[in-house]
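[1] have a look; sequence and predicted model below, questions after that.
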Amino acid sequence: MIALLQPVWATLLGGAGGIVARLLPEAFDYLKKRQGLEQAKLDQAHELAVMDKQIELHRLARQQRLDEIGAQADGEITRGAVEAARPVGIFLVDLLNGLVRPVVTYWFLGLYAACKTVWIAGLFGSCKATGDIAKILAAQESFLWAGQDMAVFCGILNFWFLDRVLKYKAQSR
């Protein structure tokens, strides 16, 4: 019986060996292709990461250039303001140039003060009429000195102090 099975085993082993010998190169090719695809995916991911970094670098360079242009424009505006404040040598022109801004500032400040005075006078008139001064003042307290008032006065102070700085800078050159 063993003698009869030996040719069968040999045939089966020979067939299995032939199958393995034929499929082994295909399996290696499959593994190589799979490894190649994985490597290609890694390469693509790396390329995308590099491209993202390049895009970010270009974005930063563009923003830096815009900032430089803005700084140059600010410098030109400052230079123009200093040039405009320099005397031209004609007495009447220099006098008018020196008086326009203060007169306009005092005019608007006077109008602003007059409006606030009229409003306060009207408020006290209504307080006398109703007799409830505390309630009316509490309701109108924010209008006496509001955020807009602070903005007006800060604008005036900044304007005049900046004017002094620019004049000082122009004289020191």
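    Yep, it's here.

[2] and the contacts of stretch 152-171?
    With CB atoms under 8 Å, 6 or more residues apart in numbering as the test, stretch 152-171 has contacts from 78, 81, 82, 85, 86, 101, 105, 109, 112. The C-beta positions use only the backbone N, C-alpha and C, and glycine is treated the same way.

[3] what residues are up against the fourth one?
    The neighbourhood of residue 85, defined by CB under 8 Å, 6+ apart, consists of 97, 163, 166, 167, 170.

[4] the first one now?
    In this structure, residue 78 makes contact with residue 166, judged by CB under 8 Å, 6+ apart.

[5] so how far is the helix or strand where it lies off the chain centroid?
    Using DSSP states H and E, residue 78 maps to helix 2-85. With CA atoms, centre = their mean, to the nearest Å as the basis, the distance from the averaged C-alpha position of helix 2-85 to the chain average is 33 Å.

[6] show me how the protein divides into domains.
    The record, using automatic domain parsing to delimit domains, assigns the chain the ranges 1-85, 89-173.

[7] average pLDDT across the last one?
    Read that as domain 89-173. Mean pLDDT, taken over the full extent of domain 89-173, equals 76.
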